[in-house]
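Q: any chance you can model this:
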Amino acid sequence: MAVSKSERRLRIKRSIRSKISGTAQRPRLSVFRSNKNIYAQLIDDLAGKTIVSVSSATATEGNIAKTEASVAVGKALATKAQEQGITEVVFDRSGYLYHGRVKSLAEGAREAGLKF
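A: Numbers count the residues shown, from 1 in each chain. Next up, the predicted model:
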């Protein structure tokens, strides 16, 4: 049975989400990747609320490469999280491979001080 790329990603995403959950002290860092932009948000799953959200559309100006924009999004998210008093997160790659833009976002967040 042929499974499309998006169906495969959603299956992996469901598997990941069954194992991890975010709390107020250690929220879930969820990543969404579109063709143009990358989005990241910190989610408290117990309360069902988004604490912090950042996207490459808002965190970057000018015409830069997608991978560089991902690093900027990771750093911006980490600084906003630290303003809220959050230092540790659970990383949720949402079914995407830990490679390219997703990896650079994670590394940018780690550089700026988030632990995961």
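
Q: wait, Thr50 sits on Leu42?
A: Yes: contact criterion C-beta atoms under 8 Å: Thr50 and Leu42 qualify, at 7.1 Å. The way it works is simple: take the backbone N, C-alpha and C, and place the C-beta from them, glycine included.

Q: list the helices and strands the helix or strand hosting Ala69 packs on?
A: Per DSSP states H and E: Ala69 is located in helix 66-83. In terms of contacts (3 or more C-beta pairs under 8 Å, 6 or more residues apart in numbering; DSSP states H and E), helix 66-83 is packed against strand 38-44, strand 49-55, helix 56-59, helix 101-111.

Q: switch the ones you listed over to JSON lines; also include mean pLDDT, mean neighbour count and distance to Arg14.
A: Shown next, in JSON lines, are the helices and strands packed on helix 66-83 (pLDDT from 0 to 100; neighbours: other C-beta atoms under 10 Å; distance: least, C-beta to C-beta, whole Å):
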{"stretch": "strand 38-44", "mean pLDDT": "97", "mean neighbour count": "22", "distance to Arg14": "16"}
{"stretch": "strand 49-55", "mean pLDDT": "96", "mean neighbour count": "17", "distance to Arg14": "20"}
{"stretch": "helix 56-59", "mean pLDDT": "92", "mean neighbour count": "18", "distance to Arg14": "26"}
{"stretch": "helix 101-111", "mean pLDDT": "97", "mean neighbour count": "20", "distance to Arg14": "18"}
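
Q: since that was my last question, I'll sign off now.
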